[in-house]
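Chemist: missing the sequence, but the structure's below:
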């Protein structure tokens, strides 16, 4: 299996180097914001759309090619086939909602797609800008999930839309997935994306004094690793490009924070031990990339730098059990950090993040986020109370069936 991973990595290296040559031959996309009225003609919009589609197509080709390469070595056993079938039916049931969110993602002028934040192939982020941004808006830097293999910034489009409707800028940070990179690369990319947000978000109408960090599933793990790593660097006096004190709170949704405890669990669910250990850079690196263990072994100075940590988990999450969040909260509280746990009764790994927002109406996750973000802003809370209720995107029977079929 190690040989197969190395071959996949070699394939990626060839593809990436070709991609870098193509990018270097054309102007690098500017990270600076475009004023609304500047060159806002149909030709510019069409050109931008074509560039985005071309970029998405090239990344889709890369991911697909790597996926097939990995599957050649994994084999198509019963577990993989049954999971794939369940995922296909699940996606078909929710497709009406996905299509509407996709239209919003590609055609809404509130979405700034593929802003470059670094030099690596996937170092891009999407910004979701509220319509009413007459004053600096709170900001959520969001790291998407995807089992460390299929993560993509567009997976955060639904959350970005819902929070933008409530006056919050959302930055969905993309990062290299396996086998394009291992966990160290993912954490480095996420940290660089967070740095971009902290140092540049004011140019997009964001409030640099109201930045929140959030991750979902694998993204929650990656974001927590980046946060702990930065706190250790900062408390040790090392130079940093962003400060942990700039983050007002960390929201971890359906994440796993002690990787030692999840190796066997993931293996039983189809993310085989050999692949997962390759993602995590070997068994010897599991403690380093387990935020729970890192927090337990951290100094009081490091813990003191951490912001409020709010972990959220569904009680019927079978992809990552809710005990993963419970034990991390317990460790943080014992170490002296501010930490709390929110459990969503009867919710699975995807209910909180996908099905509930697609249902329309008041979304429990969004409401809980807003209660923290706007805790000291009575004016914002009043505006939210008067805001129109988000409309339903998928019929209820489809959502209930998707809940039962979901492989997550």
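Modeler: Now that the structure is in, tell me what you want to look at. Just so it is clear, the model here is predicted, and its values are computed rather than measured.
Chemist: OK, contacts around residue 262?
Modeler: Contacts for residue 262 (Cβ atoms under 8 Å, 6 or more residues apart in numbering) come out as 256, 320, 324. Every C-beta, even on glycine, is put in place using the N, C-alpha and C of the backbone.
Chemist: now it: how far from residue 328?
Modeler: 12 Å (Cβ to Cβ, to the nearest Å).
Chemist: do residue 320 as well
Modeler: As judged by Cβ to Cβ, residue 320 and residue 328 stand 11 Å apart.
Chemist: shouldn't residue 302 be within a helix?
Modeler: Yes: per DSSP: H, G, I helix; E, B strand; the rest coil, residue 302 lies within a helix segment.
Chemist: list the contacts for the residue nearest to it when sequence neighbours are not counted?
Modeler: Nearest in space to residue 302, with sequence neighbours left out and distances taken as Cβ to Cβ, 6 or more residues apart in numbering, is residue 235 at 4.3 Å. By Cβ under 8 Å, 6+ apart, residue 235 lies in contact with 299, 301, 302, 304, 305.
Chemist: which one of the contacts of residue 262 is nearest to residue 399?
Modeler: residue 320 (21.4 Å; Cβ to Cβ).
Chemist: quick one: that closest one and residue 253 touch, right?
Modeler: No: using Cβ atoms under 8 Å, residue 320 makes no contact with residue 253, being 10.2 Å away.
Chemist: which SSE is residue 250 in?
Modeler: Assigned by DSSP states H and E, residue 250 belongs to strand 247-253.
Chemist: same question for residue 242.
Modeler: Assigned by DSSP H and E, residue 242 belongs to neither a helix nor a strand.
Chemist: secondary structure element for residue 125?
Modeler: Assigned by DSSP H and E, residue 125 belongs to strand 124-128.
Chemist: and that strand, what other elements does it pack with?
Modeler: Packing partners of strand 124-128 (3 or more Cβ pairs under 8 Å, 6 or more residues apart in numbering; DSSP states H and E): strand 111-116, helix 157-164, strand 169-173, helix 183-200.
Chemist: ok, now with 10 Å
Modeler: In terms of contacts (3 or more Cβ pairs under 10 Å, 6 or more residues apart in numbering; DSSP states H and E), strand 124-128 is packed against helix 78-107, strand 111-116, strand 137-143, helix 157-164, strand 169-173, helix 183-200.
Chemist: sheet partners, orientation included, of the fifth one?
Modeler: Taking DSSP bridges as the criterion, strand 169-173 pairs within the sheet with strand 124-128 (antiparallel), strand 137-143 (parallel).
Chemist: what bits of the stretch 1-150 of the chain have low per-residue confidence?
Modeler: 1-49, 52-80 (pLDDT under 70).
Chemist: go again using 90 as the cut-off
Modeler: Scanning the stretch 1-150 of the chain for pLDDT under 90 picks out the ranges 1-88, 120-121, 131-135, 146-147, 149-150.
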